[in-house]
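Novice: Let's see this in three dimensions:
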Amino acid sequence: MHKLYLIIRNKLIALHDDEKGATTLEWTLLLAAIALPGYALIRYGLALLAAHHGLVTTMNQMPF
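Specialist: Numbering: from 1, shown residues only. Predicted structure coming up:
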């Protein structure tokens, strides 16, 4: 049991000390923090613009 504990502990320490891919992970998180809210804002803005266009089109077609 003690030997298995040491093996697992050494593997976890090696995993914790491994920094390969840290830069990629940081860039991915940064991109997600900027791109996801940006996507939501653009999508909301396009829906708002489409609704406004529909309103303006309806108002222009009314006979006065």
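
Novice: Going along the chain, name the helices of this structure.
Specialist: Along the chain, counting by DSSP state H, helices occupy 2-17, 22-61.

Novice: Quick check: phi and psi on residue 21?
Specialist: With angles defined as degrees, to the nearest 10, residue 21 sits at phi 90, psi 0.

Novice: I'd like to know how far it sits from residue 28.
Specialist: 10 Å (Cβ to Cβ, to the nearest Å). Where C-beta positions appear, they are placed from N, C-alpha and C, glycine not excepted.

Novice: who touches residue 54 in this structure?
Specialist: By Cβ atoms under 8 Å, 6 or more residues apart in numbering, residue 54 lies in contact with nothing.

Novice: would you list the helices of the chain in JSON lines and tack on mean pLDDT?
Specialist: Shown next, in JSON lines, are those (pLDDT from 0 to 100):
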{"stretch": "helix 2-17", "mean pLDDT": "88"}
{"stretch": "helix 22-61", "mean pLDDT": "93"}
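
Novice: Next, the buried residues of stretch 21-38.
Specialist: The neighbour-count check on stretch 21-38 (16 or more other Cβ atoms under 10 Å) flags nothing as buried.

Novice: How far off centre is it?
Specialist: 7 Å (Cα atoms, centre = their mean, to the nearest Å).

Novice: from here on, count from 774
Specialist: Yep, numbering from 774; the last one is stretch 794-811 now.

Novice: Output that stretch as PDB, restricted to C-alpha atoms.
Specialist: C-alpha atoms of stretch 794-811 as PDB (Å, rounded to 0.1, in the frame of the first residue of the first chain):
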ATOM      1  CA  GLY A 794       0.600  23.500 -22.800                       C
ATOM      2  CA  ALA A 795       0.200  26.300 -20.200                       C
ATOM      3  CA  THR A 796       0.500  29.000 -22.800                       C
ATOM      4  CA  THR A 797      -2.100  27.400 -25.000                       C
ATOM      5  CA  LEU A 798      -4.500  27.000 -22.100                       C
ATOM      6  CA  GLU A 799      -4.000  30.700 -21.100                       C
ATOM      7  CA  TRP A 800      -4.600  31.900 -24.700                       C
ATOM      8  CA  THR A 801      -7.700  29.600 -25.000                       C
ATOM      9  CA  LEU A 802      -9.200  31.000 -21.700                       C
ATOM     10  CA  LEU A 803      -8.400  34.600 -22.800                       C
ATOM     11  CA  LEU A 804     -10.000  34.000 -26.200                       C
ATOM     12  CA  ALA A 805     -13.100  32.400 -24.500                       C
ATOM     13  CA  ALA A 806     -13.300  35.400 -22.100                       C
ATOM     14  CA  ILE A 807     -13.400  37.800 -25.100                       C
ATOM     15  CA  ALA A 808     -15.000  35.800 -27.900                       C
ATOM     16  CA  LEU A 809     -18.000  34.300 -26.000                       C
ATOM     17  CA  PRO A 810     -19.400  37.600 -24.700                       C
ATOM     18  CA  GLY A 811     -18.600  39.300 -28.000                       C
END
